[in-house]
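J.: dropping the sequence and predicted coords here.
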Amino acid sequence: MPSFRNITTFARFTKCAVNGSIMRPSMITPMRYATAHSSEVVQPSGTFLNKDVVTERVLNVVRRYEKVDQSKLTAESNFYNDLGLDSLDTAEVVMEVENEFQLEIPDEEAFKLTSVNDCIQYVTSNPLAK
Amino acid sequence: MKPRRLSGLQMQVLSVYRIMLRAAKEKQDASISRMVRSEFRKNSSIPVTQHHRIEWMLNQSRGKLELMQSPNCTNVTFFGPDN
């Protein structure tokens, strides 16, 4: 199997030789080395979870947290405005969600999750969620 | 409604809170996480104007975290509220 370097130089030389002109960035075509030698397609390491299942599980996690106002809990409710939580509580709820889906949400992302819907969006878009 | 923005200091406090809760979960003793929660809750009423005090406490927390993470620490005796 040729190395990365071999493939690139080969492509460049043929382009220049055929056109007989100056090399421009637009001539460099992106390489597809998965299809060049084998037909197998690279799959992402995980699969995305179904949104309904995620909604149910996230709601269960939030319901388990005792400070949450149960009557106002829906998939759209905001932690601060609707459920009456402060930032410490929210950090804890997000950590519970992490545990439920066996994720490790980085701090910057975790601080942006301010509603149940945000959590659902994050989990459904993360292929590592279990 | 617009999500509210956290200040830099708030983010620092929250990330220390997350780290500490994670560290507390490693230990068998549930009273460690109870202590972490109640300490942060107790000091959450410090106004932002006393940011030097908050920063001082953040510095203190680093040492406490190290102590908590050491394998020699197995349990704490904590007399406080139950959450």
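T.: Everything's here; your move. Numbering: from 1, shown residues only, chains lettered A, B, ... in the order given.
J.: okay, now B:L6: neighbour count?
T.: Using other CB atoms under 10 Å in any protein chain shown, B:L6 has 16 other residues around it. Just so you know, the C-beta spots here come from the backbone N, C-alpha and C atoms, and that holds for glycine as well.
J.: hmm, I was thinking of B:K64
T.: By the criterion of other CB under 10 Å, B:K64 has 16 neighbours.
J.: that one sits in which helix or strand?
T.: helix B:51-69 (DSSP states H and E).
J.: which helices and strands does that helix pack with?
T.: On a contact count with 3 or more CB pairs under 8 Å, 6 or more residues apart in numbering or on different chains; DSSP states H and E, helix B:51-69 meets helix B:8-26.
J.: low pLDDT regions in chain B?
T.: For chain B, the stretches with pLDDT under 70 are B:1-4, B:82-83.
J.: which residue is nearest the middle of it?
T.: B:Y17 (4.2 Å; CA atoms, centre = their mean).
J.: next up, the contacts around that residue.
T.: Neighbouring residues of B:Y17 by CB atoms under 8 Å, 6 or more residues apart in numbering or on different chains: A:88, A:91, B:36, B:40.
J.: nearest to A:V61, of those residues?
T.: Distance to A:V61 across the contacts of B:Y17 (CB to CB) is lowest for A:A91, with 13.8 Å.
J.: in terms of pLDDT, where does that closest one sit?
T.: A:A91 is assigned a predicted lDDT (pLDDT) of 93.
J.: what number of residues lie near it?
T.: Residues near A:A91, counting by other CB under 10 Å, number 22.
J.: hang on, the earlier thing: inside helices: which ones of the contacts of B:Y17?
T.: If you go by DSSP state H, these have A:88, A:91, B:36, B:40 in helices.
J.: got a winner among those residues for most neighbours?
T.: That'd be B:V36 among these, by other CB under 10 Å, with 24 neighbours.
J.: verify the stated contact: that one with B:I19.
T.: No - under the criterion of CB atoms under 8 Å, B:V36 is not in contact with B:I19, lying 9.9 Å apart.
J.: now do the helices in chain A.
T.: A:4-19, A:33-37, A:51-64, A:87-101, A:107-112, A:116-124.
J.: ranking those by mean pLDDT, which is last?
T.: The minimum mean pLDDT among the helices of chain A belongs to helix A:33-37 (a mean of 47).
J.: re earlier: would you point out the most distant pair within the ones in helices among the contacts of B:Y17?
T.: It's A:A91 and B:V36 that sit farthest apart of the ones in helices among the contacts of B:Y17, by CB to CB, at 11.5 Å.
J.: between those two, which contacts overlap?
T.: Common neighbours of A:A91 and B:V36 (criterion: CB under 8 Å, 6+ apart): B:17, B:21.
J.: let me see the domain layout of chain A.
T.: Per automatic domain parsing, the structural domains of chain A span A:4-37, A:51-124.
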